[in-house]
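Novice: Structural data only, the sequence is not supplied:
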């Protein structure tokens, strides 16, 4: 199992970033995926999850932490084995290392994850 995050960086408050996570080593389309974040000295904080499949043409289920709801959008491209996190209206409190994790919101704390990508929001 391999997960590789990219797209992090430094941005001013109110700015936007899109994180990507390329995965391999498992059947991506059958796995829920999660983004979580961590700041120094703090535990892993769940950010968003997306379900493993769509039913009847509907989009896969997406869940968001209250702190990012309305600002972040999770999506996936099963043809490319990539999961994305579009982050808009970024705030200083969004500063963290962001991890892509195999699994859903109920297993993210123990699921395989990438090396993380740093997001810094500062003026």
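Specialist: In hand now; what should we look at? This one's a predicted model, so the numbers in the text were calculated from it and none came from an experiment. Residues are numbered from 1 along each chain as shown.

Novice: Just list the residues touching the residue nearest in space to the middle of the chain, thanks.
Specialist: The residue lying closest to the centre of the chain (Cα atoms, centre = their mean) is residue 35, at 2.7 Å. By Cβ atoms under 8 Å, 6 or more residues apart in numbering, the contact list for residue 35 reads 19, 21, 47-49, 74, 83, 85, 98-101. Every residue, glycine included, has its C-beta placed from N, CA and C.

Novice: Under a three-state scheme, what state does it occupy?
Specialist: strand (DSSP: H, G, I helix; E, B strand; the rest coil).

Novice: Any of the contacts of residue 35 buried? List them.
Specialist: 19, 21, 47-49, 74, 83, 85, 98-101 (16 or more other Cβ atoms under 10 Å).

Novice: What's the end-to-end length of stretch 88-100?
Specialist: One end of stretch 88-100 sits 18 Å from the other (Cα to Cα, to the nearest Å).

Novice: list the buried ones in that stretch?
Specialist: Within stretch 88-100, judged by 16+ other Cβ under 10 Å, the buried ones are 90, 94-100.

Novice: From these, pick the one nearest residue 2.
Specialist: residue 100 (10.6 Å; Cβ to Cβ).
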